[in-house]
Structure formats: structure tokens, C-alpha cells
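J.: Pasting the sequence and the predicted model now:
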Amino acid sequence: MTTTYNPQFKRRMTAPERVLLMLPLNVVMVTKIKGEVKVERLAAVLDSLRKRHALLAVRVVIDENDMAWYVTENVPEFTINAIPRQTEDQWLQTVVDESKKSLPIETGPLVRFSLLYS
């Protein structure tokens with residue numbers, strides 16, 4: 001199966017999505033990986049996901065008619081915040097810290113990645 005990547009994606013936001021856009025809402029997901037994770041390899045995997053799932057590479061544009069759109073044009077690459085792990089429960093503080101940060105909806109992407117490593 002071949003996946004076609006369309007870098008010029010544009011979709012109007014639905015009414016529920018527009019409501020969620022106005023809420024101070026963050027979803028934080030955590031996973032534990034056994035073994036070594038190289039930042040470069042993780043970046044490559046995330047880039048592959050971005051090419052398969054357009055909404056991982058969008059920003060929000062509000063047009064002159066006050067309509068909100070997801071667009072992929074001029075969205076920066078993902079960044080991975082690699083943090084050396086210093087304590088066993090440091091991931092809890094990282095979750096709290098990340099949940100307090102808003103996403104840059106005007107520039108995108110609407111997803112952020114942190115990697116605690118030891």
C-alpha cells in the first residue's frame with residue numbers, strides 16, 4: 001500500500017473543533033520505552049507519522065470571515081525536547097509542566113514531544 005503525502009492540506013474546522021480551540025485544554029500522553037532511544041531515530045519516525053497523518057502537521061488560520069482552517073503550509077518541523085532523566089518520578093513533573101504550556105496554534109505544529117532519557 002502506497003501512502004500519498006499532500007503537503008498542501010487545508011480543511012475547515014468543524015464547530016466542535018472550534019469550541020475546543022478556545023478551551024485551555026492540553027492532552028498529555030506518556031509511554032515508557034525499554035532500551036535506548038536515539039533522538040535522531042525518534043525524529044525520523046515522527047517525520048514518517050507527520051507525512052501519513054496530515055493533522056500532525058497543521059496550524060490554524062482564521063480568515064477574514066472569521067472561519068478557522070487547518071493548513072499545512074509553512075508549519076515548522078517537530079522538535080523533540082530531550083531531557084536527561086535525574087529522578088525516577090521526573091516524568092510526573094514533566095507531565096505537569098507540559099500540560100501548562102499552550103500550543104502555538106498560529107504557527108503549528110499542534111503537537112509537542114519531550115523525551116526523558118537516562
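T.: Perfect, I can see it now. Numbers count the residues shown, from 1 in each chain.
J.: Do a quick rundown of the strands in the protein.
T.: Counting by DSSP state E, the chain has strands at residues 10-12, 59-62, 68-71, 80-84, 113-117.
J.: can you list these in TSV and add mean neighbour count, mean pLDDT and distance to residue 34?
T.: C-betas here are computed from N, CA, C, even on glycine. What follows is the strands of the chain, written out as TSV (neighbours: other CB atoms under 10 Å; pLDDT from 0 to 100; distance: least, CB to CB, whole Å):
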stretch	mean neighbour count	mean pLDDT	distance to residue 34
strand 10-12	12	93	38
strand 59-62	18	94	35
strand 68-71	18	94	35
strand 80-84	13	95	18
strand 113-117	16	93	12
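J.: Figure out which of the ones you listed is closest to residue 90.
T.: For the strands of the chain, the distance to residue 90 is smallest for strand 113-117, at 6.1 Å, taking CB to CB.
J.: residues in contact with the spatially closest residue to residue 58 that is not a sequence neighbour?
T.: Spatial nearest neighbour of residue 58, excluding adjacent residues (CB to CB, 6 or more residues apart in numbering): residue 70 at 4.2 Å. Counting by CB atoms under 8 Å, 6 or more residues apart in numbering, residue 70 makes contact with 9, 10, 11, 12, 13, 54, 55, 58, 59, 60.
J.: quick one: residue 12 and residue 109, what's the gap?
T.: According to CB to CB, to the nearest Å, residue 12 and residue 109 sit 19 Å apart.
J.: This completes my enquiry, with thanks.
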